[in-house]
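Participant: let me see the structure of the following:
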Amino acid sequence: MPRIIGILGSPHPFGGSGSLLRCALYAAEEEGVATELISVYAQKIEPCIGCVQEEEPTCKYPCIFEDYGKEILQKLKKADGYIIASPVYWYGPSGPLKILIDRMTALENMVAFGEPSYVEGKAVGVITVGADAGVTLSGAYLLTVLNAMGAVIPPWAHAYSHRGKEAIFDDRAAMDAINVGRLTARLVKILKGYSEKLAYKEDLDQLERIRQRVLKDKMIWEEENERDELYGKSGS
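Facilitator: This is a model prediction of the structure:
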């Protein structure tokens, strides 16, 4: 089964970017694609130290660090597509996400060793949440870099919202995020030989169904956190 990795560049699992990313991944699942959500804040990712050299290439997969970043790179190599979501931090993606993008050089730089880029042919979509022009600039940055690494971009590949943690209630942004998931999944399937149509779909029933699923997930997550805090206090 085709597989898409959702990469969350936010420390808040159910903030605006986390909620919209879930909308996209659930829409991808409804297209028959397996998904997995990864947060770059879950563990430390060592920053790139610039092994790339023109004279004698040394940067190659799976990178020199034995860390969470390497685990993510291994998943990205095996996946068929990515959907990346991030809050806007000063007109760009979050710091840990930028570190991961830098570390993805180890996937792309395999061209220096006579192989294709390990990002080549992956379908990608992005989601950004923040203020002003930052949502456009950070989204454009992510799509540009991924395409430069060899990824393929479907139509309607960028969803964004200015409503922060309330982005799940931004109907246009949520519908756009669902289409990011739908179309990234469909492009993955096309690249594997399936016959699919790449067109935006306005489906309000799907929007509400997926939104309620995300809100239910958030409620369960909040209840689990409250229970963990209670047990922690009881045991102290």
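
Participant: am I right that residue 178 sits in a strand?
Facilitator: No: counting by DSSP: H, G, I helix; E, B strand; the rest coil, residue 178 is not part of a strand but helix.

Participant: once you drop chain neighbours, what's closest to it?
Facilitator: Closest residue to residue 178 apart from its sequence neighbours, by Cβ to Cβ, 6 or more residues apart in numbering: residue 27 at 4.2 Å. No exception for glycine: its C-beta is placed from N, CA and C like everyone else's.

Participant: what helix or strand is the one you found on?
Facilitator: helix 16-30 (DSSP states H and E).

Participant: may I see the buried residues of that helix?
Facilitator: 16-28 (16 or more other Cβ atoms under 10 Å).

Participant: now find how far off-centre stretch 151-161 is within its chain.
Facilitator: 11 Å (Cα atoms, centre = their mean, to the nearest Å).

Participant: what residues of it count as buried?
Facilitator: Buried, per 16+ other Cβ under 10 Å, within stretch 151-161: 151-154, 156-161.

Participant: now stretch 108-116
Facilitator: Neighbour count says stretch 108-116 has 108-110, 112 buried, by 16+ other Cβ under 10 Å.

Participant: so which of the residues you listed are in helices?
Facilitator: residue 108 (DSSP state H).

Participant: which of the buried residues of stretch 108-116 lies closest to residue 189?
Facilitator: residue 108 (23.8 Å; Cβ to Cβ).

Participant: could you find the closest non-adjacent residue to that closest one?
Facilitator: residue 149 (4.1 Å).

Participant: surely that neighbour touches residue 109?
Facilitator: No: the criterion here is Cβ atoms under 8 Å, and residue 149 misses it with residue 109 at 9.3 Å.
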